[in-house]
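Chemist: Below are the sequence and a predicted model for it; my questions follow.
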Amino acid sequence: MMRTRKGATGLALGAVVALAAAACSSSGGGGGSATSSAAAAPQKGGTLYTLNLGPHNGLDPQASYVGADIEFASRAYARSLVTYSVGADSKLVPDLATDTGQVSDGGKTWKFTLVDTAKWQDGQKVTCDDVKYGMSRTFATDVISNGPTYILQYLDVPKDADGSSAYKGPYKGTGQDLFDKAITCDGQTLTLHFSTPWADFNVATASLAAYSPFRKDKDKGDKSLFDVFSNGPYMLEGTFDPNKGGTWVRNPNWDESTDKVRKAYPDKIVDVEGIQSEQVYQRLIADGGEDKTAITWTTAPPAALPQIASNPSAAGRTINTDAPYVDYVQPNVTSEVMKDPKVRQAFAMATNRDAYVTANGGKQVMTPTYMMCNPVMKCYNKDFNPFGAPTAGDPVAAKKVLQDAGKTLPINITVAYRKTATRDASFAALKQTWDQAGFNVTLEGVASTGYYRQISNVSFKNRDAFYASWGADWPSGSTVLPPLFDGRVNLTPTSSNQDYGWYNSDAVNKAFDAAYLIPESDAREKAWGDTDQQISKDGGVIPLVSQKFTFVNGSGVKGAQVNAQFGGYLDLATISVK
């Protein structure tokens, strides 16, 4: 479960599931697998192709927060202290560490001892200092952006008056002594000290590539975004073009006998970026040539669904699984119009979730929601509705809110979204009731090129609302709400990171701090749920839907299965093509 979603709008489909019942499974978030793919014994060799819309958002482990990108990094080139095993019953297992970590001091101190057998692609040993350095990079928020920021909140490093960390990262070196006290290395033993208990830190290290090692002598700062130095089974051959992709070949210094999870069956992985989702599925359904050994992390768009359902071969190569993601629209609270809570309230009330669902494939595959916590999480409240508007929206009531607030109608706003054919239709559907409520909405379909990195840039701060999608990094509201809405750790002079609407509420930040300190799990999750509702009541976010994924694989792909712990995406650890 995790982070920003990659690909087209998530879909599952009753017709395809019915046709492919014997060949795929869905296990309520536990993962699905195509039995036809799993039947043949896996063999080493061959080339696996990945076909995606792209462009790729980044390969730098500390600057990656897109679910599919994290899954690929974790399985291909960026090992971590711990990771997840494969299969529907995926569990936390040691990776670079000898165990899953030793915790003490009520969750404030964690200790890991690294193995001596892991190597970088040039043969040097992966060291404790490499892991420590990797974690230090997240603190350089002016250089490394768009990655997870939990460690800025948790690590026992003093905060400046504005709430930001007194440590400014390894490039400036400001506060380096503070960081060096909080994370220490004694040989291969890494010890971390947190100011707030982090009882599931080891889960975070498995779920997020940001806690992976990074060699200091290979660090190029922001120029490392697509420059990979591997400690996993694959390394980059030549350069990576975010618009076109790149080729991954075997790392000769990776030893499969020391890696109990990654099977690394293909000799080569060719990542092809820049293919529209509809074209990806036309190719996978046709199953010709190199596409026979191709997969995608792009979930099936609406246009592909009847084609899959009417093609027994494609239906037999289909995987359908629950996805942890919530699509949402975030108003920009710094924009001239959206800084007024009444305007945000009216905008939320006028939002037609039903039309969004219909445009994306129907209620059987996508469920309207009013919360950022996914329905499978303890922080979810099925009875919550911030302003009482139905899922079809209430533009009449919304218009009255604007009129009572003395607003001159229509109110001109610009809504940015990641442009695909599916989202063109779904945002056109949303626009209808927004306009009926008294808004004059300009839809800005932003080219897919680095969409999330682009909308988080300060140059986009003049838009009024943004589309995004998010899933929990692990089953806690702490992995949904602070990463998106804690302005203290997200907002910088150049970027909003994941807080695309530049939201920063003192009251909500205090609620975050209080929730972290609640020791009992159920009570803590209720607090996160209450804060989720608080943000929606403030108009800080408009959740739209929770999702499912549908993938089709080439007929030559064996062992294809999703891993729910990695966001419901295909798990490279077991895929073979020969």
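Modeler: Looks like it arrived, so ask away. Residues are numbered from 1 along each chain as shown.

Chemist: OK, contacts around Asp267?
Modeler: For Asp267, the contacting residues are 44-47, 249-250, by C-beta atoms under 8 Å, 6 or more residues apart in numbering. Where C-beta positions appear, they are placed from N, C-alpha and C, glycine not excepted.

Chemist: Pull the most distant pair out of those residues.
Modeler: Lys44 and Val249 (13.5 Å; C-beta to C-beta).

Chemist: pretty sure Thr83 belongs to a strand, no?
Modeler: Yes. Per DSSP: H, G, I helix; E, B strand; the rest coil, Thr83 lies within a strand segment.

Chemist: Any idea how many residues pack against it?
Modeler: The number of residues packed near Thr83 is 27, by other C-beta atoms under 10 Å.

Chemist: cool, and Thr422?
Modeler: Neighbour tally, Thr422, other C-beta under 10 Å: 19.

Chemist: do the same with Met135
Modeler: Met135 is flanked by 23 other residues according to other C-beta under 10 Å.

Chemist: The one 3 residues further on now?
Modeler: Thr138 has 24 neighbours, counted by other C-beta under 10 Å.

Chemist: Numbering from 28 from now on, please.
Modeler: Done: numbering now begins at 28, and the last item shifts to Thr165.

Chemist: thinking again about what came up before, between Lys71 and Val276, which is the more surrounded one?
Modeler: Each of Lys71 and Val276 has its neighbours counted (other C-beta under 10 Å); Val276 has more, 16 against 13.

Chemist: circling back: nearest to Pro260, of the contacts of Asp294?
Modeler: Arg277 (6.7 Å).

Chemist: any idea of the mean pLDDT in stretch 542-555?
Modeler: On average, the pLDDT along stretch 542-555 is 89.

Chemist: Give the buried residues for that stretch.
Modeler: 542-543, 551-555 (16 or more other C-beta atoms under 10 Å).

Chemist: Closest one of those residues to Gly528?
Modeler: Trp555 (19.1 Å).

Chemist: follow-up on the earlier one: is it possible to get JSON lines of the buried residues of stretch 542-555 that adds secondary structure and distance to Ala209?
Modeler: Below are those laid out as JSON lines (DSSP: H, G, I helix; E, B strand; the rest coil; distance: C-beta to C-beta, whole Å):
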{"residue": "Ala542", "secondary structure": "helix", "distance to Ala209": "22"}
{"residue": "Tyr543", "secondary structure": "helix", "distance to Ala209": "17"}
{"residue": "Arg551", "secondary structure": "helix", "distance to Ala209": "23"}
{"residue": "Glu552", "secondary structure": "helix", "distance to Ala209": "27"}
{"residue": "Lys553", "secondary structure": "helix", "distance to Ala209": "30"}
{"residue": "Ala554", "secondary structure": "helix", "distance to Ala209": "26"}
{"residue": "Trp555", "secondary structure": "helix", "distance to Ala209": "25"}
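
Chemist: okay, those residues in TSV with distance to Lys138 next?
Modeler: Listed next are those as TSV, based on distance: C-beta to C-beta, whole Å:
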residue	distance to Lys138
Ala542	26
Tyr543	21
Arg551	24
Glu552	27
Lys553	31
Ala554	28
Trp555	27
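
Chemist: Am I right that Leu311 is in contact with Glu317?
Modeler: No. Leu311 lies out of contact with Glu317 (C-beta atoms under 8 Å); the separation is 11.4 Å.

Chemist: quick one on the thing from earlier: out of the contacts of Asp294, list just those in strands.
Modeler: Those of the contacts of Asp294 mapping onto strands are 74, 276-277, per DSSP state E.

Chemist: pretty sure Val356 is in a strand, no?
Modeler: Yes. Counting by three-state DSSP, Val356 falls inside a strand.

Chemist: Quick one: neighbours of it, just the number.
Modeler: 24.

Chemist: For Arg445, what are phi and psi?
Modeler: Dihedral angles of Arg445 (phi, psi; degrees, to the nearest 10) stand at phi -80, psi 120.
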